[in-house]
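Enquirer: missing the sequence, but the structure's below:
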């Protein structure tokens, strides 16, 4: 496709379960299209990190007024690939296994979603964005021009998360077994699918992409092709 036609901007919503390849693929796709990448999962992880650090995890589920005040005093900012929580860079801190195991519960809270969804919508108003998460195509941007729902086998997703944790550990020890990761991923899938607010589901008009046997490069190429097709049809 001629580059001139790609100057038309769209919103690309990429949803799917944990460790299906969304974030890495979305990030590289945004670079390829010269779009802005918005990692919505990082926002929920940042809020989760805050409540875990301050030992407020249990309290936010029982005290709505406390949670409302906490959120009013919380600032999450994305600057490229860096994530800042109340002025502190927490890019690596939000990727721990502890945060991963709790983020689905925190993101199920209506007040948390309300605050972050509003922020996400404001970021995407100008279009030319690639946004990934659990409810982008269903809740945040139901009118996105391109919606992709990524899936992958649970065992494969556990292997990816294991390799990610191992690579980020100074000692090379992921700190968790592959079997435990698989069980945690399956539990998170269940939590995401069954939560009352914005459960994980494939949008009716989304293109499904099974990434179980695909490389990141293949995933990016597949969605890039879908995006250029959509853009070429814009008037």
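Expert: Received the coordinates, thanks. On a predicted model such as this, the values are computed, not experimentally measured, just so you know.
Enquirer: all helices for this protein, in order.
Expert: 22-33, 40-53, 64-72, 97-107, 110-124, 154-168, 178-194, 216-232 (DSSP state H).
Enquirer: any low-confidence regions in this protein?
Expert: Scanning the chain for pLDDT under 70 picks out the ranges 1-6.
Enquirer: Kindly recompute the last result at 50.
Expert: Residues of the chain that meet the criterion pLDDT under 50 lie in 1-4.
Enquirer: Counting neighbours, what do you get for residue 82?
Expert: 12 (other Cβ atoms under 10 Å). Using the backbone N, CA and C atoms, a C-beta is placed for each residue, glycine as well.
Enquirer: check contacts around the nearest residue to it once chain neighbours are set aside.
Expert: When the adjacent residues along the chain are set aside, residue 82 lies closest to residue 91, with 5.1 Å between them (Cβ to Cβ, 6 or more residues apart in numbering). Applying Cβ atoms under 8 Å, 6 or more residues apart in numbering to residue 91 gives the contacts 81, 82, 83.
Enquirer: my guess is residue 191 meets residue 106, correct?
Expert: No. Assessed by Cβ atoms under 8 Å, residue 191 is found out of contact with residue 106, at 10.7 Å.
Enquirer: most tightly surrounded among the helices of the chain?
Expert: Of the helices of the chain, the one with the most neighbours on average (mean count of other Cβ atoms under 10 Å) is helix 40-53, at a mean of 23.
Enquirer: and the residue lying closest to residue 191 once chain neighbours are set aside, how far is that from residue 211?
Expert: Leaving aside its chain neighbours, residue 191 sits nearest to residue 104 (4.2 Å; criterion: Cβ to Cβ, 6+ apart). Distance, residue 104 to residue 211, using Cβ to Cβ, to the nearest Å: 20 Å.
Enquirer: Could you do residue 115 as well?
Expert: Taking Cβ to Cβ as the measure, residue 115 falls 30 Å from residue 211.
Enquirer: Please apply the same query to residue 144.
Expert: Plainly put, residue 144 is 19 Å away from residue 211 if you go by Cβ to Cβ.
Enquirer: next one: residue 102
Expert: 25 Å.
Enquirer: again with residue 221
Expert: The value you get for residue 221 to residue 211, if Cβ to Cβ is used, is 12 Å.
Enquirer: Same question for residue 44.
Expert: Relative to residue 211, and taking Cβ to Cβ, residue 44 is found at 21 Å.
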